[in-house]
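J.: how would this look folded up:
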Amino acid sequence: MTHQELRKSIRKEKIKARDSYTAEERAALSEKICKNILESSEYKSAKTIMIYKAVRGEASLSYLEANAFDKTLVYPLCISTEEMIALKPHGEDSWQPGYKNIPEPVRELSDLIDPKDIDLVICPCSVFDENHNRMGMGAGFYDRFLPKCVNATIVAAAFEAQKYDDIPVDPWDKPMDSVFTELKKY
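T.: Purely as a prediction, here's the structure:
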């Protein structure tokens, strides 16, 4: 099996594990992940935080959204098949289905945020390991965006079921500073 075939196989296995949760289990575990993030020094010291809207079984950050009273929350918008930007939506009516039907802010109803102004980025992932490596869905949006976030702490939110012993990494993969699960921070 080639390096890329192995990565694809691991991603598929861990997405299946993530998808095995019921909606109720996923919601309860996601809330625990969010509480771990909310209690962290990374979160407490951040002012501008980039988060995501969960799709396809990802850990949901809706509990964090509802409890981020003194934070500025920004979200990714895919503007091409390779590029992502960060936006702060003006309100609840500032959303539409975007790339692969992911809820994204409407550019005209949002403020563009310079990646240098982001203090914390919380990434979705399909797989992570204890060395803070993560794999997304394979399109590389975060791998290309994260190097622009020069002042940010970079973390991932995931379920314990998504943990893998040792992810085979590619040269462009950006390791996380931490990974938060329902049990702990890695």
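
J.: can you tell me the SS state at residue 170?
T.: Put simply, residue 170 is coil when judged by DSSP: H, G, I helix; E, B strand; the rest coil.

J.: please apply the same query to the one 5 residues further on.
T.: Here residue 175 is recorded as coil under three-state DSSP.

J.: so how far is residue 70 from the spatially most central residue of the chain?
T.: Residue closest to the average C-alpha location in the chain (Cα atoms, centre = their mean): residue 123, at 1.9 Å. As judged by Cβ to Cβ, to the nearest Å, residue 123 and residue 70 stand 22 Å apart. For every residue, glycine as well, the C-beta is placed using N, CA and C.

J.: one more: residue 153?
T.: The gap separating residue 153 from residue 70 is 17 Å, by Cβ to Cβ.

J.: of the two, who's got more company?
T.: Higher neighbour count among residue 153 and residue 70: residue 153, with 20 against 6, using other Cβ atoms under 10 Å.

J.: now for that one: which residues touch it?
T.: 42, 46, 119, 120, 121, 177, 178 (Cβ atoms under 8 Å, 6 or more residues apart in numbering).

J.: again, only this time at 10 Å
T.: By Cβ atoms under 10 Å, 6 or more residues apart in numbering, the contact set of residue 153 is 40-43, 45-46, 49, 118-122, 176-178.

J.: in helices, which of those residues fall?
T.: Judged by DSSP state H, these include 41, 42, 43, 45 as members of helices.

J.: from those, which single one is nearest residue 186?
T.: Nearest to residue 186, judged by Cβ to Cβ, of the ones in helices among the contacts of residue 153 is residue 42 at 12.6 Å.

J.: rewinding a little: and the ones in helices among the contacts of residue 153 as a markdown table, adding neighbour count?
T.: Formatted as a markdown table, those follow (neighbours: other Cβ atoms under 10 Å):
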| residue | neighbour count |
| --- | --- |
| 41 | 10 |
| 42 | 19 |
| 43 | 21 |
| 45 | 10 |
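
J.: looking at those residues, which is nearest residue 66?
T.: Looking across these and measuring by Cβ to Cβ, the closest to residue 66 is residue 43, at 14.1 Å.

J.: could you find the closest non-adjacent residue to the closest one?
T.: Distance criterion Cβ to Cβ, 6 or more residues apart in numbering; nearest residue to residue 43, sequence neighbours excluded, is residue 37 at 5.2 Å.
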